[in-house]
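A.B. asks: prediction below, plus the sequence it came from.
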Amino acid sequence: MAKRRKPMKRSPGAGTVRRHARLRPRGRPGGLRKQEIPPFMLFVARETPAAQKIDIIRAGVGARVVDDMVAYLEVPKAVIFALLHTPESTAHKLIKDNRNLDAAASERVVRVADITRLAQGTFGAREAATHWLKSANLALAGATPLSMLDTEPGAGEVRRLLHAIDAGGVL
């Protein structure tokens, strides 16, 4: 009597496209579990494909990301509210109700995360990158790079500066 073979289990996602992939860094920073990693840290951890960014922005980022941004960038909440163009009372209500930010504010969150990741790559460490983002810069007419990230043209100037620093300081 021949033994029946059990069908081999396929690995998750084998031969299929993952439809609802979430932003996850490859390694867990600081040994944190998946559910303990703050959303902003996930955004900063690695580059996200444009199509996925669009989906995230359209769906809206959870308003609790404001607290994560405050902790990660070590700035007052008022700075984040100004950066996101979200009134403090509205942000607090969204956080309390566990709701998402609108598409415009969500796009700014993703933009800040992208620039933060770029700064970390340029300066080699989170502390150095966040310090640079919060320091007045002569090339930005005395504004801080972080304050420029509320608009795409401002973010473009910050990107240009970071690329120049990477290339040896040539503007």
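C.D. replies: That came through, no problem.
A.B. asks: R111 reaches L146, doesn't it?
C.D. replies: No - using CB atoms under 8 Å, R111 is not in contact with L146, being 11.1 Å away. For every residue, glycine as well, the C-beta is placed using N, CA and C.
A.B. asks: okay, the two: which has more neighbours?
C.D. replies: More crowded of R111 and L146, by other CB atoms under 10 Å: L146, with 24 against 21.
A.B. asks: skipping adjacent residues, who's closest to the more buried one in space?
C.D. replies: L133 (4.4 Å; CB to CB, 6 or more residues apart in numbering).
A.B. asks: helix or strand for the one you found, just tell me which one.
C.D. replies: helix 126-134 (DSSP states H and E).
A.B. asks: what's that helix packed up against?
C.D. replies: helix 65-73, helix 103-123 (3 or more CB pairs under 8 Å, 6 or more residues apart in numbering; DSSP states H and E).
A.B. asks: try 7 Å this time
C.D. replies: helix 103-123 (3 or more CB pairs under 7 Å, 6 or more residues apart in numbering; DSSP states H and E).
A.B. asks: need the contact partners of the helix it packs on.
C.D. replies: Contact with helix 103-123 is made by 40, 43-44, 53, 56-58, 60-61, 65, 69, 83-86, 101, 126, 129, 132-133, 149-150, 155, 158-159, 162, 165-166, as judged by CB atoms under 7 Å, 6 or more residues apart in numbering.
A.B. asks: alpha carbons only: can I get that helix in CSV?
C.D. replies: Output in CSV follows, covering the C-alpha atoms of helix 103-123 (Å, rounded to 0.1, in the frame of the first residue of the first chain):
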residue,chain,number,x,y,z
ALA,A,103,-4.6,63.4,2.5
ALA,A,104,-2.7,66.7,2.6
ALA,A,105,-1.4,66.2,6.1
SER,A,106,-0.6,62.5,5.4
GLU,A,107,1.5,63.6,2.4
ARG,A,108,3.4,65.9,4.6
VAL,A,109,4.1,63.1,7.1
VAL,A,110,5.4,60.9,4.3
ARG,A,111,7.5,63.8,3.0
VAL,A,112,9.0,64.5,6.4
ALA,A,113,9.8,60.8,6.8
ASP,A,114,11.5,60.6,3.4
ILE,A,115,13.7,63.7,4.1
THR,A,116,14.5,62.4,7.6
ARG,A,117,15.7,59.1,6.0
LEU,A,118,17.7,61.0,3.4
ALA,A,119,19.3,63.1,6.2
GLN,A,120,20.1,60.0,8.2
GLY,A,121,21.8,58.6,5.2
THR,A,122,23.8,61.8,4.7
PHE,A,123,24.8,62.3,8.3
